[in-house]
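Asks: okay, structure incoming, though there's no sequence with it:
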């Protein structure tokens with residue numbers, strides 16, 4: 001734990017995952033005094049994963065959540081370029097598109113509807129964003145033609161990112177201007193002080209809690225009505241040497257994503273029942289074998305890394321963002337589950353707006369904590 005003589009900050013952020021890092025990044029830009037507290041190492045939880053799929057929600061049945069994510073994905077491309085310039089670290093962002101194989105004939109009808117909706121919802125914002133129906137794989141064995149008997153929808157809006165690249169870049173950029181406390185598990189007292197492991201206390205004009213599953217315990221005095229559960233995810237990296245422009249393939253819950261180094265990330269599981277949230281097992285082996293069958297282009301490439309961790313799923317699935325009712329200087333900005341890397345920056349901007357006095361970000365009603373507290 002880092003030592004500090006300072007006992008008060010303009011803003012304290014509790015949680016050093018991707019959301020907390022974005023909060024610190026934008027707050028630091030505003031010139032306020034910021035402290036970031038992380039119970040372990042920065043981005044050592046689910047934010048330190050392997051996949052990094054940035055896949056938009058399907059454009060049919062459009063509503064506020066889909067619009068929020070759509071705008072976030074648009075903004076992220078420019079933000080990643082900015083972060084790379086500031087840090088000198090590759091964030092691994094590339095708009096490579098996505099392939100969704102169609103297993104059944106009835107899926108074709110839905111696909112046509114999605115293509116028409118994409119032309120309206122996506123194309124009206126940028127005519128370059130496109131979704132189309134392909135009868136055969138656009139790249140040989142990526143995926144294998146047998147897994148798309150009715151073709152596939154292919155879009156050029158989806159992207160991928162390196163979770164570790166982005167979090168490392170954000171960490172480096174904020175390090176000189178934000179007080180960062182790793183291995184520092186804090187507790188929040190009823191009088192809104194943060195108690196550090198050594199018994200000392202920190203106060204702040206505003207506190208943002210973005211601590212994943214730990215959020216619920218931290219806010220027990222202020223928002224006891226919110227809850228969630230941990231869901232285990234497993235993924236792996238295969239030692240391939242493939243074209244990093246290959247699209248993301250998603251089939252029956254299995255992802256294949258080629259990153260800038262040519263290696264392929266595969267995953268992931270979503271396990272609600274598990275014994276050990278940090279250890280990989282036979283379920284990951286099964287995903288790897290499914291990935292090899294879906295995209296034979298990976299061949300028999302060896303596994304260079306296996307990864308498991310716990311993702312937090314808030315009750316109701318949607319993130320929770322905003323000032324806690326009746327405790328306006330305590331804010332929450334957490335959740336996102338599978339789409340966190342695509343929306344974390346926009347969640348951070350929304351949470352910071354009332355603190356910094358910037359223009360408010362439209363937040364879907366289901367995200368707003370005032371609508372989630374019993």
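Replies: Now that the structure is in, tell me what you want to look at. What you see is a predicted model, and the numbers here were worked out from it, not measured in a lab.

Asks: number of nearby residues for the closest residue to residue 227 other than its chain neighbours?
Replies: Leaving aside its sequence neighbours, residue 227 sits nearest to residue 315 (Cβ to Cβ, 6 or more residues apart in numbering; 5.0 Å). Backbone N, C-alpha and C define where each C-beta goes, glycine included. Look at residue 315: counted by other Cβ atoms under 10 Å, it has 14 neighbours.

Asks: wait, isn't residue 315 in contact with residue 225?
Replies: No. Assessed by Cβ atoms under 8 Å, residue 315 is found out of contact with residue 225, at 9.5 Å.

Asks: still on that earlier bit, now do the contacts for the residue nearest to residue 227.
Replies: With contact set as Cβ atoms under 8 Å, 6 or more residues apart in numbering, residue 315 has these partners: 226, 227, 228, 229.

Asks: so in terms of bridging, what pairs with the third one?
Replies: According to DSSP bridges, the residues that bridge with residue 228 are residue 314.

Asks: any idea how far it is from residue 372?
Replies: Per Cβ to Cβ, to the nearest Å, residue 228 is found 11 Å from residue 372.

Asks: that's a helix at residue 24, yeah?
Replies: Yes. Counting by DSSP: H, G, I helix; E, B strand; the rest coil, residue 24 is part of a helix.

Asks: so it is in contact with residue 12, correct?
Replies: No. Using Cβ under 8 Å, residue 24 is not in contact with residue 12, being 10.3 Å away.

Asks: anything in contact with each of those two?
Replies: Shared contacts of residue 24 and residue 12, counting by Cβ under 8 Å, 6+ apart, come down to 34, 36.

Asks: buried sites along stretch 341-359?
Replies: Using 16 or more other Cβ atoms under 10 Å as the test for burial, stretch 341-359 gives 341-353, 355-356.

Asks: which one of these is nearest to residue 203?
Replies: Among these, residue 355 lies closest to residue 203 (Cβ to Cβ), at 15.2 Å.

Asks: host element of that closest one?
Replies: Assigned by DSSP states H and E, residue 355 falls within helix 340-356.

Asks: now for that helix, which elements pack on it?
Replies: Applying 3 or more Cβ pairs under 8 Å, 6 or more residues apart in numbering; DSSP states H and E, we find helix 340-356 packed against helix 18-29, helix 64-87, strand 201-209, strand 320-324, strand 327-334.

Asks: okay, the angle between the third one and strand 327-334?
Replies: Between strand 201-209 and strand 327-334, the angle formed by their directions is 60 degrees, by axes from the mean of the first three to the mean of the last three Cα atoms, to 10 degrees.

Asks: list the helices and strands strand 201-209 packs on?
Replies: Secondary-structure packing of strand 201-209 (3+ Cβ pairs under 8 Å, 6+ apart): strand 8-14, strand 194-195, strand 327-334, helix 340-356.

Asks: where along the stretch 101-250 of the chain do the strands fall?
Replies: In the stretch 101-250 of the chain, the strands defined using DSSP state E, counting those that start in this stretch lie at 131-134, 152-155, 159-160, 179-181, 187-188, 194-195, 201-209, 228-238, 248-251.
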